[in-house]
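# Provided below are the primary sequence and the corresponding predicted coordinates.
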Amino acid sequence: MTKFNLDNSYKAVVIGGSAGSFQGMIKILSQLPKNFPLPIIMALHRLKHVRHGFVEALSLKSVVPVTEPFDKEPIKKGGIYLAPANYHMSVELGNYFAMSTEEMINNSRPAIDITLGTCAYVYKDKLIGILLSGANKDGAIGMKNISDRGGLTIVQEPTECMIDTMPKAALAITKIDHVLKVDQIVEFFKELDKQYK
Amino acid sequence: MQDIDIADLKRITEVIFQKYRYDFRNYAMSSFKRRVLRILELKKLNVDGLIKKLNENPGFIYEFLDELTVNVTEMFRDPGFWRILREEIIPGIMLNHKQFKIWHAGCSSGEEVVSMAILLKEMGIYQDVTLIASDLDTNIIERAKAATYSLKSMELNEKNYIRFQGTKSLKDYYKEENGNAAFDKSLLANVSFRKHDLVMGEVFNKFDLILCRNVMIYFNQTLQNEVLKKFHESLFRYGYLAIGSKESLIWCDYASRFIVVNNEEKVYKKIKD
């Protein structure tokens, strides 16, 4: 009997987060099942002009090192990817990344909406989207894109968030399948992993 | 907001190619789609309306190009890159050529051209360098020629300049005019601006250094390789090519004719004809 009623049809997990999401993200990455079968694609708000440090900090406790992909880099199963500083990160048909330097969205580059929205377009209902703590509305439209295309949506339980603007904005405009605490998201990943083994 | 599909994008790129000989058919899909959606929204058009306008109003293509191209740039973006230029790459060029040529391919509003001019002035070699700055978009070339930027953007530019560790203050190079920073025109004395399309344009000169940072990210891999071929042809042997920090040549066939000189800042050197 499973809690989340999952199957093994998913092709990717995409995660957005901003202020207050770092600890949660670390917890998820540090407790990720070994050989987790899907790519995890992260768009987290970060200092625009600091290229170094963030990916290293996330990698420190992550089961698999986190990388900031290059433009046109193919997406691999089990890869953990972080949108680089000062670029928007899209996923393209054909399963690779594309970077761009367009205008900021919601004062952000990388913008979560762009990564989530392009993932929704490429992976359709084979996508899981997760939105964590954050102080603006970026990601809400992206979560709606995921939901509209049949993907599974999860937001962090607002009461647990350091700043709940982000998950609340998503809850306000679209159907969210699960509202979970970070510990439950960790359980979710474990259950998802089992479907593939 | 409306959505458009691949078939719509194909119709748009075909009209532009057939009628105006600009080729967007190999642009990276997701960013191209966002740009087109942005234009539709800005001009209050749907896809059919856009195609009609492109067909019936020849002047509209310039407006279209101006909105389509991404013109977000900074002075001294990635200060570490500019330090490497000053400390390693340009001294490397000067070992072979006392006078040399630099091409800013896809110069946009010219922030990198002005940055380069400042760097060369501070090295005391500005008079020995010929700079060519090109872009596909004629409106943006006019803005680059004006070298006038909003004061708001100067905050970031100043920060970058400080991290670049220039010898002066960025303020020494511009005057405040009507809420803008107007850069000293002498910085552009050795710069020739020209309209040039990387996709359809011919190779037109040979250079010691080409800067094309965060331009090829808007192309798919096929087009990246074609453009890299043109850059290869436009470089003297042992000339340098600089691309954006999150770009890579490794998926291009022509990459084997270059070596990586600085992996962190993505500077390559042509080693084979």
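Looks like it arrived, so ask away. Numbers count the residues shown, from 1 in each chain, chains lettered A, B, ... in the order given.
# my guess is A:Leu180 meets A:Ile154, correct?
Yes. The pair A:Leu180 / A:Ile154 is scored as a contact, 5.7 Å apart, by C-beta atoms under 8 Å. For the C-beta atoms, the positions are set from N, CA and C on the backbone; glycine is no exception.
# who touches both of the two?
Counting by C-beta atoms under 8 Å, 6 or more residues apart in numbering or on different chains, the residues touching both A:Leu180 and A:Ile154 are A:Phe188.
# mind checking pLDDT for A:Val50?
The pLDDT attached to A:Val50 in the predicted structure is 84.
# Ignore what I typed, I meant A:Gly53.
Confidence at A:Gly53, expressed as pLDDT, is 89.
# Could I get the phi/psi values of it?
Backbone dihedrals for A:Gly53, given as degrees, to the nearest 10, come out at phi 110, psi -40.
# Kindly report the same for B:Phe207.
Dihedral angles phi and psi of B:Phe207 (degrees, to the nearest 10) take the values phi -130, psi 160.
# Tell me how many other residues crowd it.
22 (other C-beta atoms under 10 Å in any protein chain shown).
# circling back: which one's more surrounded, A:Leu180 and A:Ile154?
A side-by-side neighbour count of A:Leu180 and A:Ile154, using other C-beta under 10 Å, places A:Ile154 first with 25 against 19.
# Next up, phi/psi of the more buried one, please.
According to degrees, to the nearest 10, the main-chain angles of A:Ile154 amount to phi -130, psi 130.
# Report the separation between it and chain B.
A:Ile154 sits at a distance of 23 Å from chain B (criterion: C-beta to the nearest C-beta, to the nearest Å).
# List the beta-bridge partners for that residue.
Under DSSP bridges, the beta-bridge partners of A:Ile154 are A:Ile130, A:His178.
# Just to check, it is in contact with A:Leu132?
No. In terms of C-beta under 8 Å, A:Ile154 does not count as a neighbour of A:Leu132; the distance is 9.4 Å.
# can you pull the buried residues of the lowest-mean-pLDDT helix or strand in chain A?
Using mean pLDDT, DSSP states H and E, helix A:54-61 stands out as the lowest-scoring helix or strand of chain A, at a mean of 93. Along helix A:54-61, these residues count as buried under the neighbour rule (16 or more other C-beta atoms under 10 Å in any protein chain shown): A:Phe54, A:Val55, A:Leu58, A:Ser59.
# Get me the contact residues on chain A for chain B.
Applying the criterion C-beta under 8 Å from any C-beta of the partner chain, the portion of chain A that neighbours chain B consists of A:49, A:51, A:68-73, A:84, A:86-88, A:90-93, A:98-103, A:114, A:118, A:121.
# what do you get if the cut-off is 6 Å, keeping everything else the same?
Of all the residues in chain A, those in contact range of chain B (C-beta under 6 Å from any C-beta of the partner chain) are A:70-72, A:84, A:87, A:90, A:92, A:98-103, A:118.
# What separation is there between B:Leu95 and chain A?
Per C-beta to the nearest C-beta, B:Leu95 is found 29 Å from chain A.
# Repeat that for B:Val199.
Here B:Val199 is placed at a distance of 17 Å from chain A (C-beta to the nearest C-beta).
# Give me the pLDDT value at that residue.
Per-residue pLDDT puts B:Val199 at 96.
# Leaving out chain neighbours, which residue sits closest to residue 167?
Unless you meant another one, I'm taking chain A. Excluding the flanking residues, the one nearest A:Pro167 by C-beta to C-beta, 6 or more residues apart in numbering or on different chains is A:Val155, at 3.8 Å.
# Chain B was what I was after
Nearest in space to B:Thr167, with sequence neighbours left out and distances taken as C-beta to C-beta, 6+ apart, is B:Glu122 at 4.9 Å.
# Show me chain B divided up by domain.
The record's domain parsing of chain B by automatic domain parsing lists B:6-68, B:79-270.
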